[in-house]
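[1] 3D model of this:
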Amino acid sequence: MVRDVGSSKWLEVHEMIIKLSQQAALEVSEHREEEVKEFLISRDKLSVLIHEAYCVNLWKSRVLPHLLEIDPNPQATFLIYTVLYHEAAVVALLDLCLYHPSGCESLQDSVLDLIDYCAQGVAQVIGLVSMGYHENETKVDVDEAVLTELERQKRDLIYKIGLRCVSLLNYLADNVSLFHLGAARRLLVTHDIPWLMVDVLCFRPWQRNTNKGMEKFIDEKWTSVEDAAKIIKPEAQAWFCVRQLLLNPQIMENYTLNEARCKQLSKLLGLLHETLLDQLPVLIELKQFVSRLTLSGNTANKKQSLILEDLPQIQKELIKEVEREGGFYQIAQSQDGIFLNNNREEICALATKLTNAYGTEVLCELEQHLADLELQKPEAKPEDSNVANGEDVKLHKCGSCQKAAKKKCANCKQVHYCSRECQLKDWPTHKDTCKAI
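    The predicted model follows:
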């Protein structure tokens with residue numbers, strides 16, 4: 001709950017999230033079995049992560065301003081930053097899990113909450129870019145000099161989370177057939193994600209011009225690039241998201257292409273140049289679609305069918321809980337002893353606890369692995385990766401159907417499965433043994 005943010009219990013959850021995020025990133029970088037992802041999906045924990053993201057988001061937007069009214073210059077801001085970073089770590093975990101269709105399928109009704117969250121995150125990035133946030137200081141509309149360090153950190157994380165949200169929306173659009181009809185309607189009608197993605201592609205938040213030349217947002221940091229035309233991950237995902245939605249005839253039946261939408265989508269034609277299409281050939285079909293749309297004009301003659309849709313619940317329930325406890329200002333007053341603490345000894349003790357939470361062992365291992373990859377790049381042979389890892393699918397049989405299996409239970413690591421479906425089917429039999437181990 002929002003009231004628990006910053007408490008000892010919450011810090012324990014935060015430590016777990018950080019370690020899971022670090023371990024998941026290491027598994028992906030080493031192309032190892034993604035045990036963290038399998039654990040979160042098999043135990044239906046993705047909805048818990050979405051709840052965590054909303055909880056911090058509400059605290060950031062509705063409680064933190066009240067705390068800063070009580071004390072505009074808190075002595076120790078590291079705990080506040082820890083809370084803000086918690087949201088980014090949660091979204092990073094969701095990004096890793098939803099890359100896989102099994103992750104999207106496990107969302108169930110919480111997909112509606114995630115769509116709302118991502119749409120808001122992308123809109124916030126567009127807002128920051130429109131103010132010139134990502135450009136160098138000479139082009140910024142707001143006076144960065146008067147911003148506090150905390151405000152700068154907050155905006156940096158909003159920026160990173162927003163670009164992650166582009167990635168999440170791409171995965172949801174790619175797997176929209178796995179969700180109920182309400183999810184497609186929320187993507188197309190409630191938030192008009194195609195329109196939003198056109199704005200993202202026009203504003204290009206992943207690149208900026210500086211005194212040193214062009215920089216692009218690669219691996220969550222600004223990096224100088226020599227080839228400005230080379231497509232990077234966030235840009236490609238924005239394009240794929242638009243393509244998956246507009247070229248899906250089943251969900252497009254409910255998307256009215258009125259004059260305003262046609263005009264917005266026509267902006268894509270100027271961006272779909274040959275250099276882009278050479279790198280992303282799958283967009284050729286999208287260019288043909290937009291070209292036909294531009295020629296045919298307004299096609300808003302579809303009859304809107306009546307749809308009874310589910311509504312997102314996570315944020316609604318969190319707000320209800322806050323109202324029962326007296327409102328956001330009441331929570332801010334109850335938390336001032338945590339976030340606005342001036343006791344030096346208690347501040348140092350908390351800093352030590354947080355330092356232990358951010359264990360560096362996994363991060364060092366990840367950095368060393370990435371460095372090794374750079375050194376070994378010329379000799380890398382992806383086709384031999386399974387042999388190099390000593391893996392053989394035929395060595396294990398699925399605990400449910402007895403077919404060849406490569407994945408294993410993330411908890412006990414004793415029983416193997418060929419798919420998530422088999423794991424869920426076998427769980428009633430396996431759970432007692434698994435918990436005992």
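[2] pLDDT score for Ser296?
    At Ser296, the pLDDT value in this model is 77.
[3] and it, how many neighbours?
    10 (other CB atoms under 10 Å). No exception for glycine: its C-beta is placed from N, CA and C like everyone else's.
[4] Quick one: mean pLDDT for the helix or strand in which Cys422 is found?
    Counting by DSSP states H and E, the element that carries Cys422 is helix 420-436. Across helix 420-436, pLDDT averages out at 71.
[5] go on, stretch 246-258?
    For stretch 246-258, the mean pLDDT works out to 88.
[6] any residues touching stretch 30-48, and which ones?
    20, 23-24, 26-28, 49, 93-94, 96-98, 100, 102-103, 106-108, 110, 314, 369, 385, 389, 406-411, 413, 420, 423-424, 427 (CB atoms under 8 Å, 6 or more residues apart in numbering).
[7] could you dump that stretch to CSV, C-alpha only?
    Output of stretch 30-48 as CSV, limited to C-alpha atoms (Å, rounded to 0.1, in the frame of the first residue of the first chain):
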residue,chain,number,x,y,z
GLU,A,30,24.8,-14.6,-20.7
HIS,A,31,22.0,-16.3,-22.6
ARG,A,32,21.4,-18.5,-19.6
GLU,A,33,18.2,-20.2,-18.6
GLU,A,34,16.0,-17.3,-17.4
GLU,A,35,15.1,-18.5,-14.0
VAL,A,36,13.9,-15.2,-12.6
LYS,A,37,11.5,-14.8,-15.6
GLU,A,38,10.2,-18.3,-15.2
PHE,A,39,9.8,-17.9,-11.4
LEU,A,40,7.8,-14.6,-11.8
ILE,A,41,5.6,-16.0,-14.6
SER,A,42,4.9,-19.4,-13.1
ARG,A,43,3.9,-17.9,-9.7
ASP,A,44,1.7,-15.2,-11.4
LYS,A,45,3.8,-12.4,-9.9
LEU,A,46,3.6,-10.0,-12.8
SER,A,47,0.4,-8.4,-11.5
VAL,A,48,2.2,-7.9,-8.2
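[8] for it, the distance to its chain's centre please.
    Distance, stretch centre to chain centre, for stretch 30-48: 15 Å (CA atoms, centre = their mean, to the nearest Å).
[9] likewise stretch 24-44?
    With CA atoms, centre = their mean as the basis, the mean position of stretch 24-44 lies at 16 Å from the chain mean.
[10] Can you measure across that stretch, start residue to end residue?
    One end of stretch 24-44 sits 17 Å from the other (CA to CA, to the nearest Å).
[11] Any buried residues in that stretch, and which?
    Neighbour-count burial for stretch 24-44, counted by 16 or more other CB atoms under 10 Å, picks out 24-27, 33-42.
[12] Let me have those in CSV, extended by secondary structure, distance to Leu188 and pLDDT.
    As requested, the buried residues of stretch 24-44 are exported to CSV (DSSP: H, G, I helix; E, B strand; the rest coil; distance: CB to CB, whole Å; pLDDT from 0 to 100):
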residue, secondary structure, distance to Leu188, pLDDT
Ala24, helix, 31, 86
Ala25, helix, 32, 84
Leu26, helix, 37, 84
Glu27, helix, 34, 84
Glu33, coil, 36, 81
Glu34, coil, 31, 84
Glu35, helix, 36, 87
Val36, helix, 32, 88
Lys37, helix, 28, 88
Glu38, helix, 32, 89
Phe39, helix, 33, 89
Leu40, helix, 28, 90
Ile41, helix, 26, 90
Ser42, helix, 31, 88
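[13] Which parts of the stretch 201-350 of the chain are strands?
    For the stretch 201-350 of the chain, strands defined by DSSP state E, counting those that start in this stretch occupy the ranges 207-210, 213-218, 221-224.
[14] Can you lay out those as a markdown table showing mean pLDDT?
    Formatted as a markdown table, the strands of the stretch 201-350 of the chain follow (pLDDT from 0 to 100):
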| stretch | mean pLDDT |
| --- | --- |
| strand 207-210 | 86 |
| strand 213-218 | 88 |
| strand 221-224 | 88 |
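[15] Dump those strands to a markdown table, plus distance to Arg185 and mean neighbour count.
    Output for these, formatted as a markdown table (distance: least, CB to CB, whole Å; neighbours: other CB atoms under 10 Å):
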| stretch | distance to Arg185 | mean neighbour count |
| --- | --- | --- |
| strand 207-210 | 33 | 16 |
| strand 213-218 | 31 | 17 |
| strand 221-224 | 37 | 11 |
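[16] Dump these to JSON lines, plus distance to Val198.
    Shown next, in JSON lines, are these (distance: least, CB to CB, whole Å):
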{"stretch": "strand 207-210", "distance to Val198": "17"}
{"stretch": "strand 213-218", "distance to Val198": "19"}
{"stretch": "strand 221-224", "distance to Val198": "24"}
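[17] quick one, which of these is nearest to Cys118?
    strand 213-218 (17.5 Å; CB to CB).
[18] The closest one: partners in the sheet, and parallel or antiparallel?
    Partners of strand 213-218 in the sheet, by DSSP bridges, are strand 207-210 (antiparallel), strand 221-224 (antiparallel).
[19] Under the pLDDT cut-off, which ranges of the stretch 151-300 of the chain? List them.
    297-300 (pLDDT under 70).
[20] Next up, the contacts around Leu187.
    115, 169, 172-173, 176, 193, 245, 251.
[21] ChimeraX command to pick out the buried ones of those residues?
    Under the burial definition 16+ other CB under 10 Å, those of those that qualify are selected in ChimeraX by:
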select :115,169,172,173,176,193,245,251
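[22] which pair in the contacts of Leu187 spans the largest distance?
    Among those, Leu169 and Ile251 lie farthest apart (CB to CB), at 13.8 Å.
[23] Dump the contacts of Leu187 to TSV, plus distance to Asp219 and secondary structure.
    Converted to TSV, these look like this (distance: CB to CB, whole Å; DSSP: H, G, I helix; E, B strand; the rest coil):
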residue	distance to Asp219	secondary structure
Ile115	26	helix
Leu169	20	helix
Leu172	23	helix
Ala173	23	helix
Val176	28	helix
Ile193	25	helix
Leu245	27	helix
Ile251	32	helix
